[in-house]
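Student: what shape does this take:
(chains A and B)
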Amino acid sequence: MNTVADNRESPAAALVAVRGLRTRIGTKVIFDGLDLEVPRGSVTAIMGPSGTGKTTLLRHMTGQLRPDAGSVRVDGEEVTTLSRRALFALRERIGYLFQNSALLTDFSVFENVAFPLRQHTRLPAELIRNIVLTKLQAVGLRGAAQLMPGELSGGMARRVALARAIVFDPMLILYDEPFVGLDPIALNQVLRLIRTLNRTLGITSILVAHELAAIRQVADRIYLIANGKLVAQGAPDELARQDSPWTRQFFGGEADGPVPFHYPAPDYAAALGLADAAR
Amino acid sequence: MSANLRRHWLLQGIASVGECGLFFVAVLRALPKSLRYWRELARQVWFLGAMSLVIVMTCGLFVGMVLALQLYFTLSIFGGTAALGTVVALALFRELGPVITALLVAGRAGTAATAEIGLMRATDQLDAMGMMAVDPMAYVASPRFLAGVIAMPLLACVFNAMGIFGGHLVGVTWLGLDNGTFWGNMTSTVSLRRDILDGLYKSIAFGGVVSLIAVFQGYTAPPTSEGVAYSTTRTVVFSSIVILAVDFVMTAFMT
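Tutor: Below you'll find the predicted structure:
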């Protein structure tokens, strides 16, 4: 527990530190020695082509998935070796926004946001009500408290999920693709919320997303992951100016480059049965 | 092991039985923690028990009526219709009550639990609970398992009562058997320990089996529409087979 105390004394230290991460799912290598650091109080975006395991990385940070090798430290605690009890204690201080919001469909909006409070505290009903309404007000959905998740639009569901994620005032929020499938208005609302939460409450945020324009507005730092490794990093503007094949392809949106257009496949001519003709 | 061998249906079957066993251990280990969620347990007992009452009572009534009708015909060949009450009660308490109730509950409540949990898995709700530091085993799996163990014997009792009522309806009211003979022979022959309690033990075991299979199938359902559909079907198929197999084994040890 000493390490935790040490870390709190130096707020500049990284809240999340990943070292030499190696993961393999089935026969596919997801991470092959990944290192990255997320400073306290920052908004960090993790980008990369689809299927590079960005969501997997978030799952490593919360201990939902254990890597084959390497270390993941969150707030000074080594997530990869934490006991279940300690892991749950850590998760109470982390908010996680799922890609599809993952609201509990049998509970109303109000009960969804109240769920973590009811499970982990014995607060009086009046106080729970006040906390929940405060959080819902923060995401602009206090009026929707009695609706069921099925009655919400995608953008509203995501804001409810965000209210639920911040109900314990976490030190860290992990956003898994928070902008996917949102119309421009809803996207800007979510974007504004991420920024407000970070600026006003100092919540460290890690953002997995593809929307470059949105990320440039909110992120302090971008990590670009491809082929299981970190291929580029830096502030958004810095990264956009960098002249590596990876950043050129990713920020220029070129269809082909270091990230190939074609999924690995055997020879095309042979697959069409034209191997003899070609010979 | 070669890939071909690993796909063999027999090995896969054995593997999933092992998985289910490990799942059972995990459910039991989560039980103490799940008592904190007693509200959820009450909700599940309500859903599994109270909501199954209509189907269990209706079926119990008809089974008792058919039983009395068939047995009256058979017994009248030997001139033993006086034993009708006894035979109907024994058949219900020892065998039909626990087994048919379990089959009904597997079809009505087991499938619902599988589909519900399968969909929760598919929509990340179980993962979301884990991320909110709520153990889904303790919040979702264990209460449903415990609810099955609690509700099944109660439902079987209701089934038996309705069955005897149905038997009485046919035997006494319709076919004109003497009311005193019907009840008198039944109460003097049926033993609480040997007949009624043995049946109760059976239905407790069936309750555990049905809810374990239902929850396991839901928990391991592939997160696709086809996956949930297949898992729901498997709940009914496996439950039915295991209920009848366990019934045979328990009967063999009890008699």
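Student: which pLDDT value goes with the residue nearest in space to the middle of chain B?
Tutor: The residue lying closest to the centre of chain B (CA atoms, centre = their mean) is B:A102, at 2.3 Å. Looking at B:A102, its pLDDT is 97.
Student: grab the nearest non-local neighbour of it.
Tutor: Residue nearest to B:A102 in three dimensions, not counting chain neighbours: B:F206, with 3.6 Å by CB to CB, 6 or more residues apart in numbering or on different chains. Glycine gets a C-beta too; all of them are placed from N, C-alpha and C.
Student: other SSEs contacting the host helix or strand of the one you found?
Tutor: Per DSSP states H and E, B:F206 falls inside helix B:198-219. Judged by 3 or more CB pairs under 8 Å, 6 or more residues apart in numbering or on different chains; DSSP states H and E, the packing partners of helix B:198-219 are helix B:9-34, helix B:97-105, helix B:111-122, helix B:142-168, helix B:225-254.
Student: and the second one, how far out from the chain's middle?
Tutor: To tie it back to what came earlier, the one meant is helix B:97-105. Here helix B:97-105 is found 5 Å from its chain centre; the criterion is CA atoms, centre = their mean, to the nearest Å.
Student: so what touches that helix?
Tutor: Helix B:97-105 has contacts (CB atoms under 8 Å, 6 or more residues apart in numbering or on different chains) with B:48, B:52, B:55-56, B:59-60, B:63, B:148, B:151-152, B:155-157, B:159-160, B:163, B:199-200, B:202-203, B:206-207, B:209-210, B:239-240, B:243-244, B:247.
Student: likewise stretch B:120-139?
Tutor: Applying CB under 8 Å, 6+ apart, the set of residues contacting stretch B:120-139 is A:62, A:64, A:88-89, A:91-92, A:94, A:96, A:98-100, A:102-105, A:115-116, A:119-120, A:164, B:26-27, B:29-31, B:33-34, B:36-37, B:40, B:117, B:140, B:218-219, B:221, B:223-224, B:227-228.
Student: emit the ChimeraX select command for whichever of the residues you listed are buried.
Tutor: Buried subset of these, written as a ChimeraX selection, criterion 16 or more other CB atoms under 10 Å in any protein chain shown:
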select /A:62,64,88,91,92,94,96,98,99,100,102,103,104,115,116,119,120,164 /B:26,27,30,31,34,37,40,117,140,218,219,221,228
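Student: what about the strands in chain A?
Tutor: In chain order, chain A shows strands spanning A:14-25, A:28-39, A:43-47, A:69-74, A:77-78, A:94-97, A:172-176, A:204-208, A:221-226, A:229-234, with DSSP state E as the criterion.
Student: hang on, the earlier thing: buried residues, the helix holding B:F206. List them.
Tutor: By neighbour count with 16+ other CB under 10 Å, helix B:198-219 contains the buried residues B:198-200, B:202-219.
Student: ditto for stretch B:147-163
Tutor: B:147-163.
Student: quick one: the residue nearest to the centre of chain B from B:M152, how far?
Tutor: 6 Å (CB to CB, to the nearest Å).
Student: B:T232 now?
Tutor: Distance from B:T232 to B:M152, by CB to CB: 19 Å.
Student: what do you get for A:V160?
Tutor: A:V160 is 37 Å from B:M152, by CB to CB.
Student: show me the contacts for the closest residue to A:E77 other than its chain neighbours.
Tutor: In space, and not counting its chain neighbours, A:E77 is closest to A:L90: 6.0 Å by CB to CB, 6+ apart. Contact analysis of A:L90 by CB under 8 Å, 6+ apart lists A:63, A:74-75, A:77, A:79, A:82.
Student: the same query, at a cut-off of 7 Å, please.
Tutor: Counting by CB atoms under 7 Å, 6 or more residues apart in numbering or on different chains, A:L90 makes contact with A:74, A:77, A:82.
Student: what's the burial count for residue 108?
Tutor: Went with chain A since none was named. Per other CB atoms under 10 Å in any protein chain shown, the neighbour tally for A:S108 reads 18.
Student: switch to chain B, that's the one I care about
Tutor: Using other CB under 10 Å, B:R108 has 16 neighbouring residues.
Student: ok, it to chain A distance?
Tutor: Remark: distance between B:R108 and chain A (CB to the nearest CB, to the nearest Å) = 19 Å.
Student: interface residues of the stretch 51-200 of chain A facing chain B?
Tutor: A:62, A:64, A:88, A:91-92, A:96, A:98, A:100, A:102, A:104, A:115-116, A:119-120 (CB under 7 Å from any CB of the partner chain).
Student: could you list which of the residues you listed belong to helices?
Tutor: Of these, the ones assigned to helices by DSSP state H are A:88, A:91, A:115-116, A:119-120.
Student: quick one: contacts for whichever residue of the stretch 151-255 of chain B sits closest to chain A?
Tutor: Here the residue of the stretch 151-255 of chain B nearest chain A is B:P223; by CB to the nearest CB that distance is 11.0 Å. The neighbourhood of B:P223, defined by CB under 7 Å, 6+ apart, consists of B:121-122.
Student: now do the SS call for it.
Tutor: coil (DSSP: H, G, I helix; E, B strand; the rest coil).
Student: ramachandran angles for it?
Tutor: Phi and psi for B:P223, reported as degrees, to the nearest 10, are phi -80, psi 50.
Student: swap in A:S83?
Tutor: Here is the backbone geometry of A:S83 (degrees, to the nearest 10): phi -70, psi 160.
Student: pLDDT value on it, please?
Tutor: Confidence at A:S83, expressed as pLDDT, is 90.
Student: now A:D276
Tutor: Reading off the model, A:D276 has pLDDT 66.
Student: low-confidence ranges in the chain?
Tutor: Because you didn't say which chain, this covers chain A. Along chain A, the parts satisfying pLDDT under 70 run over A:1-12, A:275-279.
Student: not quite, go with chain B.
Tutor: Residues of chain B that meet the cut-off, pLDDT under 70, sit at B:1-6.
Student: tell me which parts of it are close to chain A?
Tutor: Contact residues, chain B versus chain A (CB under 7 Å from any CB): B:123-125, B:127-128, B:130-134.
Student: just the ones of those residues in helices?
Tutor: Per DSSP H, the residues of chain B next to chain A map to helices at B:125, B:127-128, B:130-131.
Student: are any of those buried, and which?
Tutor: Here, 16+ other CB under 10 Å leaves B:125, B:127-128, B:130-131 buried among those.
Student: quick one: contacts for A:L82?
Tutor: Remark: with contacts taken as CB under 7 Å, 6+ apart, A:L82 is in contact with A:63, A:90.
Student: farthest-separated two in the residues of the stretch 51-200 of chain A next to chain B?
Tutor: Farthest pair in these (CB to CB) is A:N100 and A:H120. Separation: 23.8 Å.
Student: surely B:F182 is in contact with B:L84?
Tutor: Yes. Using CB atoms under 7 Å, B:F182 is in contact with B:L84, at 6.4 Å.
Student: list the residues that contact both of the two?
Tutor: By CB under 7 Å, 6+ apart, the residues touching both B:F182 and B:L84 are B:G171.
Student: who has more neighbours out of those two?
Tutor: Each of B:F182 and B:L84 has its neighbours counted (other CB under 10 Å); B:L84 has more, 27 against 24.
Student: need the contact list for the residue lying closest to that one once chain neighbours are set aside.
Tutor: The shortest distance from B:L84 to any non-neighbouring residue, by CB to CB, 6+ apart, is to B:G171 (4.8 Å). Under the criterion of CB under 7 Å, 6+ apart, the contact list for B:G171 reads B:68, B:72, B:84-85, B:177, B:182.
Student: show me what A:E37 bridges to in the sheet.
Tutor: Beta-bridge partners for A:E37, by DSSP bridges, are A:A17.
Student: follow-up on the earlier one: do you know how far the residue nearest to B:A102 is from A:L136?
Tutor: 45 Å.
Student: and A:T80, by the same measure?
Tutor: Following CB to CB, the distance that separates A:T80 from A:L136 is 35 Å.
Student: the more surrounded of those two?
Tutor: Between A:T80 and A:L136, counting by other CB under 10 Å, A:L136 is the more crowded of the two (22 against 17).
Student: the more buried one against A:A161, yeah?
Tutor: No. In this structure, A:L136 is not within contact of A:A161 by CB under 7 Å, at 11.8 Å.
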